[in-house]
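Generate a structure from the sequence data that follows.
(chains A, B, C and D)
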Amino acid sequence: MSAVDNPKQPAKEWEPNIVGFACNWCTYAGADLAGLSRMQYPPNVKLVRVPCSGRTNPQFVLRAFQKGADAVLVAGCHPGDCHYATGNYFTRRRYLLMQRMLEFMGIDPRRFQARWISGSEAPKFRDVVTQMTEEIKALGPNRKLREEI
Amino acid sequence: MQRLKAFPKAKLTAVLETMSQKATVWVPSMIAGVSRFAPYRPEIDIQMGTNTAISPKEALFPSTEKIYTFSAYGIDGEFEPVDPSVGLQILFGLRSCDMQGILCLDDVFLTRGYVDDFYGSKREATTLITLGCVTPGADCFCASMGVNPVEHDGSDAQMYDLGDAYGIIARTDKGETLVKDLMATGLLSDTDKSQGPTSDFVLKVDSEGITEKLQQMFDHPLWDELSRKCLNCGTCAYLCPTCHCFDISEKKRNQHCGVKIKCWDTCMFSEYALMAGGHNPRPSKKERVRQRFMHKLRYFPERYGKLQCTGCGRCIAKCPVNLEITDVIKLAGEAKKDG
Amino acid sequence: MNQITKEMRDLARELLASGEVKGLIGWTKGSRWYLTPPVVITQPEEAEQLYFDQFAVNNLTGLLLDYRYGDDKIALFVKGCDSRGIVRLLQDHQIKRDNVLVIGVPCMGMSDKKAVTDPRQPAELPLLDKCLECRYPNPVIADRLISGALVSGEPSEPKGLTASEAAKRGVGSKQADRFAQVKAIEAMSADEKYAFWQAQHEKCFRCYACRNICPACNCRECIFESDKKGWVNKSATPTDNAFFAVTRAMHVAGRCVECGECERVCPMDIPIMALNRKVIQDINELFGESDAGTDLDGKMPLGLFKNDDPEEFM
Amino acid sequence: MKRIGVFVCHCGSNIANTVHCEKVAQVAKDFPGVVLSTDYKYMCSEPGQVMIQEAIREHNLDGYVVAACSPRMHEPTFRKCAARAGMNPYMVEQVNIREQCSWVHADKEKGTEKSIDLLRMGVAKVVKNEPLYSTTIPVTKRSLVIGGGIAGIQAALDIANAGYPVTLLDREHTIGGRMAQVDKTFPTLDCSACILTPKMVEAAQHPNIELMTYAEVEAVDGFVGNFDVTIRKKARYVDFDKCTGCGACTEKCPKKVPSEFEMELGVRKAIYTPFPQAVPNKPIIDANHCRYLLDGKCGICKKVCPTGAVDYEQKDELIMERFGAIVVATGFEQFDISAYEEYGAGKIPDVITGLHLERLMNASGPTAGKIKRPSDGKVPEKIVFVKCVGSRDEAKGRPYCSKACCMYVAKHATLLKEKMPNSKSYIFYMDVRTPGKNYEEFYARTQNEYDAQYIRGRVSKIFQVGDKLIVRGEDSLLGRPVEIEADLVVLAAGMDPRSDAKDLARTLGISYDQHGWFTEAHPKLQPVETHTAGIYLAGACQGPKDIPDSVAQASAAAVKAAGLLSKPELTSEAMTALCDEAICSGCGLCQSICPYKSIEIKSVNERYHGQMRQRRVSNVNQGLCQGCGACTVACPSGAMNLKGFTNDQILAEVDALCQR
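Modelled structure (predicted):
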């Protein structure tokens, strides 16, 4: 059993666990490009591939925090570049509200980020991931909204 | 006949302190703006004046309770039951209506061949101390439902409100040990005062023969008119000291492990009677509202011999549309048979 | 017997007798002086039950959802705040315009029955917060109007028979600080905010009264209805309740008509309107002032976008 | 529980270098549903795929996960591999442990740990995959071309030559569009009519092309392959079957009307053909000016008509036709120069636009080709051209460059010099843009051989003194103001979208920019397509352009349309949205969000506890939906779901990633 998923083994030194929702046409492609260019960045962000950032339901973000994610990233194409024409315009409106709602509930604003990262902006993807990991490492594990079992 | 013991109201915190050495004492208190029974702790805001807005059934039948934990790594799965027992606890300051409510819960969970040990273990570990009412609340009508507000013989110990002091008299050996502990601390002294009758009720209703009357009223149009304004929310059921329905659900921590839980449910929700295949014998508000009042005033009495409404008035106080059980009883009483 | 009640009864009798409507939703005198709950009548003679006073606070529009599939016409009385619920249901296509006859009623501001001290003796009670902060005292939509009520799609002063009484009692006097509670919470530190909401969401026991009375929460089958859909746990723990509260706030975002009923009917006195007002404040700041449910062909802020929306995610 | 296979790829050393592939495969054995978990050097190779196919048969797998490179690269490969083994191709998930793990994390322990998490996410998703099938949509083998200008004609001809019937529709009663008004074309100075009219005739006579002139599109329903277009055929009051085009009626008609075609420099009759080479070359009656239709007098044309073709009782006719593809080629309008009061435009008769000059130069124009001043008919000596009027001007709301004016002004200067050797042209310009083939050479010749004087600067004011036009401007190269006494001023008016372009866009369901130009799917990679499948763009309706570009776009749009019509049927995207009608409450929140307008609200009848009742529910057109998923988030009750990325799949992925 890997040390990670079986609670019976002692947990290792804490590493932030950041869930990322990446749109398939831009950010996911940007992440791939970062790989092709062999850029290096910390392994703490794991991407869930979605067809468009507009597919990311605010309830998925709540679910991530509930299940113990230390931070959540929603990333997609720059407004205007969306493969589906208007997907990210709605993402922008929804997550401008959701960002303020999470802050209103007491979640540290750095624990939720939405960013536009295009298919060619591999360096920007690396920087966003690196910066987010360092910030969350400083902030420590997230206890808020975490599900009690 | 044991002599009534008493202790000055000012000594209430001292009494609670001594009790809480041995057990967690649930006292009526104001928590975040809502009056409910909550475990005693020194700076708690105690509310002895009126009955609580939330019923004490939480102490014996919590809204969410773990049943067993399960996990499956690879092919072999395993599960461990969760021990439902809680430490010794005292339900302090119960009113007669809530005591009667607990008796109703006892009937459901402990009698008729199956003992629900989630409820049973807690009930066993609990000492019930009832307190007589001096003035009924705006929505109280326990007297109309055959419950004596001044005292209730079902509790382990009965307390009386003697103006500047509380009288206490044990009824069972659990009560006996409790009173002995208090005697040991010297807080108690004999008294010959007694609590007078409760002042007049604002809300009265004649519940005589309601069960028989309802036996011929299943298809009465009364239910149509009554249910039209209902919102089908769960407020009345979750506040009610006698509502005992629960659903089995689960909380999965991840793909491998999680916990099976039982949590409150109510016949008012549409999904309550939803059957496999999508059929729902109670599809609209009419059936659900009828089910609620029929169960309280007819099915439960037919099965257990006592009304399942103890007149605590909590549902009347918080119902968003004031669908009051007293009105149902009154209208059912006046209604001609089957419309 | 007040003028409004008299006009209500006459109109109801006429509508039901003429068969123009099959049913009518109004208020009736409850069992105590401070209770005026909803009533649904179908016969002309039942019009005598109708009553209107400062306790007829329920927003009746939610009850229309039970008739959304029928073809018979239903009439209902609406105060200013309730009428926005009608526009909400029409915009969400949950009621057909010609299946509902909206009767506008002037409102003198509703009293807070939680402030009752003596259940027997009628007394003057303070106004509900939602009435002190009321910006739409007059119906925004109505087919019929009684006792001088006037339709106004814009925030306005109370009009009609009860105008002076409403002004005297302070209806709309606290309009300016309708976001006061939101600002107060925003001023807290992150941990204080979290503690505040944890204490509130610890109380919630998921009775869904807030959802069932809300005209914006008009889904046929709510995701919170069953746990089989995998969205949500049925357990009433603080974090699950927080998930419910935030999800509902996001679902009614841009659609909530600020009738304040959710907060009023919550048996646990959870400040639900603080969440809704927070969303409304943010929408106004970010996407421009907009009042939901005041204009039939008004657009829902989250249903559209502008190229020059604020940009914070570059 | 589904039987899932896991295959971890080494990708040679690309993954194996920084991820313990065996360990990852080992751990995956315990994931719920996994019955087989192995690793191999090259999963995408032939042996790798054979290994998968054998595993599918041997272990009776329902689905499998490949932990390898990015799904953007080999997802199609592994889907085809599954299909070949008889497994539904959508029961496959690919987990990216190369580009997003092994290549970017040097620490092998951390890389392995992350690969395990990502693989757990993949398995959690595949367990909830359902077999998906792409649906097929019939294609009506017929195309509609809206707009009969050069772009429309070219598109219609190309589609027709590809063997598909085309309806070429135009609002005017003749095709030819804007180009018919032009006299000569740059840079070859061909006579516009000489190169256009043969194409018009070819279109008119082409067996596959049905001309539908003097008709407008009223409504467009349906979707790609099945557009139901309602067309309003406006009343002509002339029966084209009987009419021989002899022109007797036009001759005798007493009513003279300023001719729109001649830019109101000439006149036409109430019953008329706009220009001699019109196709169809038969007159129609202009209902707004015909004395008989207005107040019942006259009726001369009916009397003189030898074949009795005139019929005053004709009414508009609404017809419905079904088309597989639509090409929009509705062209542009010339910018209304009256917005430039400082140039006296619209007040001083001798301040004219490019098109006016085209008509003056045209042999069949109002002045039979002689350049005469509209005010007094004198032959002008000094002509001043002012460029960028209604283009590159933020103040007038026209920030864009209209692309063709520089060239047509150079052409005008050349032609004027040719016609009137002793005339002199002055051209005020900001820049001279000559982007096409032989454009720069043409411009150079205009300056050198045709003595056109280019003055770099803006004109500030034009006013009339006597019969002279004083043009006051600036020569920024010399840095001093300039004043010219001109006989004629030609404003190089830019291009505007059609005034009703936005309405047509809404009818068609395509989007347009803030000016009204139709929006292409992608400015560089899909210039002739729109976001609405089956609707293509050609010519100036998509943005200002000259004739060569318009014709090129027309042929491109034609190939796109023909390509669509060539398919026996269309296969639709498999991972599209689907509405659960049992949950849907018909609120329509999803409808306004769909970028492809593929959601319609329909009503269903259902039996509910004994009675029949009708209910509104949302319905996704599987042909149009591209699977973006925006509707699933707009839907509060979760009725709308996206196949391949369902709500519970993504929730399962989130749970798997947060497993601690």
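
hang on, D:Tyr454 is in a strand, isn't it?
Yes: according to DSSP: H, G, I helix; E, B strand; the rest coil, D:Tyr454 belongs to a strand.

ok, how many other residues are close to it?
Counted with other C-beta atoms under 10 Å in any protein chain shown, the neighbours of D:Tyr454 add up to 19. The way it works is simple: take the backbone N, C-alpha and C, and place the C-beta from them, glycine included.

List the contacts of the nearest residue to it once chain neighbours are set aside.
Spatially, and ignoring its direct neighbours in sequence, D:Tyr454 is nearest to D:Ile427 (5.0 Å; C-beta to C-beta, 6 or more residues apart in numbering or on different chains). D:Ile427 makes contacts with D:Val384, D:Phe385, D:Lys387, D:Val409, D:Ala413, D:Ala452, D:Gln453, D:Tyr454, D:Ile455, as judged by C-beta atoms under 8 Å, 6 or more residues apart in numbering or on different chains.

for the residues you listed, which one is nearest chain B?
For these, the minimum distance to chain B (C-beta to the nearest C-beta) is 69.5 Å, reached by D:Lys387.

can you pull the contacts of the closest one?
So D:Lys387 contacts D:Cys405, D:Cys406, D:Val409, D:Ile427, D:Phe428, D:Tyr429, D:Met430, D:Ala492 (C-beta under 8 Å, 6+ apart).

Could you list the contact residues of the stretch 51-200 of chain D toward chain C?
Counting by C-beta under 8 Å from any C-beta of the partner chain, the stretch 51-200 of chain D comes close to chain C at no residue.

give me the residue from the stretch 51-200 of chain D nearest chain A.
Counting by C-beta to the nearest C-beta, the stretch 51-200 of chain D gets nearest chain A through D:Glu99, at 2.8 Å.

Tell me where chain B is predicted with low confidence.
Scanning chain B for pLDDT under 70 picks out B:1-2, B:74-75, B:337-339.

thinking again about what came up before, using PyMOL, define a selection of the buried residues within the contacts of D:Lys387.
Entered in PyMOL, the line below selects the buried ones among the contacts of D:Lys387, by 16 or more other C-beta atoms under 10 Å in any protein chain shown:
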select buried, chain D and resi 405+406+409+427+428+429+492
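
Please name the nearest non-neighbouring residue to D:Met361.
Nearest one to D:Met361, counting by C-beta to C-beta, 6+ apart, is D:Asp183 at 4.3 Å.

cool, D:Gly48 as well?
D:Tyr42 (5.1 Å).

Show the contacting residues for the one you found.
By C-beta under 8 Å, 6+ apart, the neighbours of D:Tyr42 are D:Cys9, D:His10, D:Cys11, D:Gly12, D:Gly48.

Among those, which pair sits farthest apart?
Comparing all pairs in these by C-beta to C-beta, the longest separation belongs to D:Gly12 and D:Gly48, at 11.5 Å.

what's the lowest-mean-pLDDT helix or strand in chain C packed up against?
Counting by mean pLDDT, DSSP states H and E, chain C has its least confident helix or strand at helix C:163-169, which shows a mean of 90. Packed against helix C:163-169 by the contact rule (3 or more C-beta pairs under 8 Å, 6 or more residues apart in numbering or on different chains; DSSP states H and E) you find no helix or strand.

residue contacts, D:Ala16?
D:His10, D:Lys41, D:Ser102.

related to what we said a few turns ago, who touches the least confident helix or strand of chain C?
C:Pro106, C:Cys107, C:Met108, C:Gly109, C:Leu127, C:Cys131, C:Pro137, C:Gly148, C:Glu157, C:Pro158, C:Gly172.

Just the buried positions in that helix, please.
Under 16+ other C-beta under 10 Å, the buried positions of helix C:163-169 are C:Ala163, C:Ala166, C:Ala167, C:Arg169.

Give me the residue at the spatial middle of chain A.
A:Leu73 (2.1 Å; C-alpha atoms, centre = their mean).

Next up, phi/psi of the nearest residue to that residue once chain neighbours are set aside, please.
In this structure, A:Leu73 finds its nearest non-sequential neighbour in A:Gly20, 4.1 Å apart by C-beta to C-beta, 6+ apart. Main-chain dihedrals, A:Gly20, degrees, to the nearest 10: phi -120, psi 140.

okay, A:Gly20: pLDDT?
If you check A:Gly20, the pLDDT there is 96.

And A:Tyr28, by the same measure?
At A:Tyr28, pLDDT is 94.

what about the helices in the stretch 1-150 of chain C?
C:3-18, C:80-91, C:129-132 (DSSP state H, counting those that start in this stretch).

Dig out what D:Glu333 forms beta bridges with.
Applying DSSP bridges to D:Glu333 gives these bridge partners: D:Asp496.

What's the local residue count around it?
17.

Quick check: it vs chain A, distance?
To chain A, D:Glu333 is 26 Å away according to C-beta to the nearest C-beta, to the nearest Å.

In contact with the residue of the stretch 1-150 of chain D found nearest chain C, which residues?
Residue of the stretch 1-150 of chain D nearest chain C, by C-beta to the nearest C-beta: D:Lys128 (9.2 Å). Listed by C-beta under 8 Å, 6+ apart, the contact set of D:Lys128 reads D:Thr646, D:Asp648, D:Gln649, D:Ala652.

overlap between these and the residues near chain C?
Applying C-beta under 8 Å from any C-beta to the contacts of D:Lys128, those adjacent to chain C are D:Asp648, D:Ala652.

Filter the contacts of D:Lys128 down to the buried ones.
Applying 16+ other C-beta under 10 Å to the contacts of D:Lys128 flags D:Thr646, D:Gln649, D:Ala652 as buried.

Chain C contacts on the stretch 201-339 of chain B?
B:202-203, B:225, B:228-229, B:231-235, B:237-239, B:247, B:249-251, B:261, B:263-266, B:269-271, B:274, B:284-285, B:318, B:320-324, B:326-327.

Quick one, which of those residues are buried?
B:202-203, B:225, B:228-229, B:231-235, B:237-239, B:247, B:249, B:251, B:261, B:263-266, B:269-271, B:274, B:285, B:318, B:320-324, B:326-327.

Filter the contacts of D:Lys387 down to just the ones in helices.
D:Cys405, D:Cys406, D:Val409 (DSSP state H).

how about the nearest residue to the second one, chain neighbours excluded?
Distance criterion C-beta to C-beta, 6+ apart; nearest residue to D:Cys406, sequence neighbours excluded, is D:Arg433 at 4.7 Å.

tally of neighbours for that neighbour?
18.

now the one 3 residues further on
D:Gly436 has 17 neighbouring residues, counting by other C-beta under 10 Å.

hang on, it packs against D:Lys403?
No: the criterion here is C-beta atoms under 8 Å, and D:Gly436 misses it with D:Lys403 at 9.6 Å.
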